[in-house]
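Novice: following is a predicted model, sequence given first.
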Amino acid sequence: MKQAGVVTSKVVGAIPGGKMTKAQKAKLAADIKAAAIPVAKPEKKVKPPKAQQVATKPAAPAVKPEGIGSLAKKLILANRDWTNEKIAATVRDTRGSNTTGSCIAWYKSKMRLKGEL
């Protein structure tokens, strides 16, 4: 009995030792092709048109939330008598960051160089 996908030496008439002539190779190829079971090709995924892809993207937020640096700068300008540690504590409480007094000192020095402070 002949099984699909399995070709024995009886089908091909191969010489013991595994060497085949060109004619035997051609016959083997024809036998394999004849015994092949047709396989359905998987359906290709169709991408939606570009217009639909753009419409499904989430809209960008209208206003970007205030960052740590801008909050620190506002607190520095609004509360000039506060210490660096007090401003850092306020930023930490508001944003949940790891802001230290040294960070506030850095912002103050940059603001002085730009003439903002």
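Specialist: Nice, thanks for sending it over.

Novice: and for the nearest residue to S97 once chain neighbours are set aside, the neighbour number?
Specialist: Take S97 and drop its neighbours on the chain: the residue closest to it by C-beta to C-beta, 6 or more residues apart in numbering is I68, 5.3 Å away. To be clear about C-beta, it is placed using only N, CA and C from the backbone, and glycine gets the same treatment. By the other C-beta atoms under 10 Å criterion, the neighbourhood of I68 contains 17 residues.

Novice: domain ranges for this protein?
Specialist: Structural domains annotated on the chain: 8-38, 68-114, as defined by automatic domain parsing.

Novice: now do the contacts for T100.
Specialist: The contact partners of T100, by C-beta atoms under 8 Å, 6 or more residues apart in numbering, come to A88.

Novice: distance of it from A89?
Specialist: Taking C-beta to C-beta, to the nearest Å as the measure, T100 falls 10 Å from A89.

Novice: what residues sit buried inside whichever strand or helix holds C103?
Specialist: Element membership for C103, per DSSP states H and E: helix 101-114. Neighbour-count burial for helix 101-114, counted by 16 or more other C-beta atoms under 10 Å, picks out 103-104, 107-108.

Novice: sorry, back to before: the residue nearest to S97 contacts T99, doesn't it?
Specialist: Yes. The criterion here is C-beta atoms under 8 Å, and I68 meets it with T99 at 6.3 Å.

Novice: any chance you could list residues touching both of these two?
Specialist: Shared contacts of I68 and T99 (C-beta under 8 Å, 6+ apart): V91.

Novice: much appreciated, bye for now.
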